[in-house]
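1. sequence first, then the predicted structure, then my questions.
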Amino acid sequence: MKTVVIAVGVVASALLPKLAFALEGSAARGEHAFRACAACHSLEHGRNMTGPTLAGLWDRKAGTLSSFTRYSPALKSSDVTWNDETLDKWIADPQRLVPENEMTFAGIKDPQTRADMLVFLKQATRHGAPSVAQRGGMMGNTVPNLKQPDPDERVESISYCKDTYRVKTADGKMHDFWERNLRFKTDSSDDGPKKGAPAIERAGMMGDRASVIFADPSEMGRFIASNC
């Protein structure tokens, strides 16, 4: 019977996932791996994006950052505190750690990559750590600063006729967009445009899609005029 118990224990241990935080990680490799997260999370205090800032993350209870208001009910009620073990499980499979959370990220299955990312994050998010700009890191340009847009990015007027928006920029050019290809957004952060001076960001392989970004939602009605 003892032999059977030992054999079962060995098989069970082999099936357990390897814990990344038990491996030796590389901060340099971890910074590179963080590119998968940088589009949604900043490392700077007070700078929330699609997701909350990761600054000061260790030992923080999940769903409690007061400056971020878009946590899912599942995360707010999860009773998870972020540490090496919980972050490893979260990065590996967010839905497994907190079912029904709203993070659209499948996870990183390779334990070495997670170990690298944990080392990098622990250094980059600690209190008093230099900002991305001070470090000269590659995440510094994740969100462009729109306070001083170039003339071809600064919007002067927007008109709408039938199914087409016409956007005039400060360089004197007019740009036509099918109504489903132009999005209207706001950015009230320090990176957002000045009030009354929206900016346009082009997208799509042919530049046929774009977003017009305002400082405040109240500006949209003043800028968009029906004109056929």
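-> Received the coordinates, thanks.

2. hmm, who's touching the host helix or strand of residue 222?
-> For residue 222, the host element (DSSP states H and E) is helix 219-223. Residues outside helix 219-223 that contact it (Cβ atoms under 8 Å, 6 or more residues apart in numbering): 155, 157-158, 184, 195-196, 198, 212, 214. Yep, even glycine has a C-beta here, placed from its N, CA and C like the rest.

3. same deal with stretch 160-171?
-> Residues contacting stretch 160-171 (Cβ under 8 Å, 6+ apart): 151-159, 174-179, 182, 200, 210, 212, 224-228.

4. mean confidence for whichever strand or helix holds residue 112?
-> For residue 112, the host element (DSSP H and E) is helix 111-124. The predicted model assigns helix 111-124 a mean pLDDT of 96.

5. centre of the chain to it, how far?
-> Distance of helix 111-124 from the chain centroid (Cα atoms, centre = their mean, to the nearest Å) equals 17 Å.

6. buried residues in it?
-> Buried residues in helix 111-124, defined by neighbour count with 16 or more other Cβ atoms under 10 Å: 111-122, 124.

7. try stretch 39-53
-> Quick answer for stretch 39-53 (16+ other Cβ under 10 Å): 40-44, 47-49, 51-53.

8. which of these sits closest to residue 94?
-> Nearest to residue 94 among these: residue 51, at 11.0 Å, using Cβ to Cβ.

9. distance check, the closest one against residue 159.
-> When Cβ to Cβ, to the nearest Å is applied, the distance between residue 51 and residue 159 equals 35 Å.
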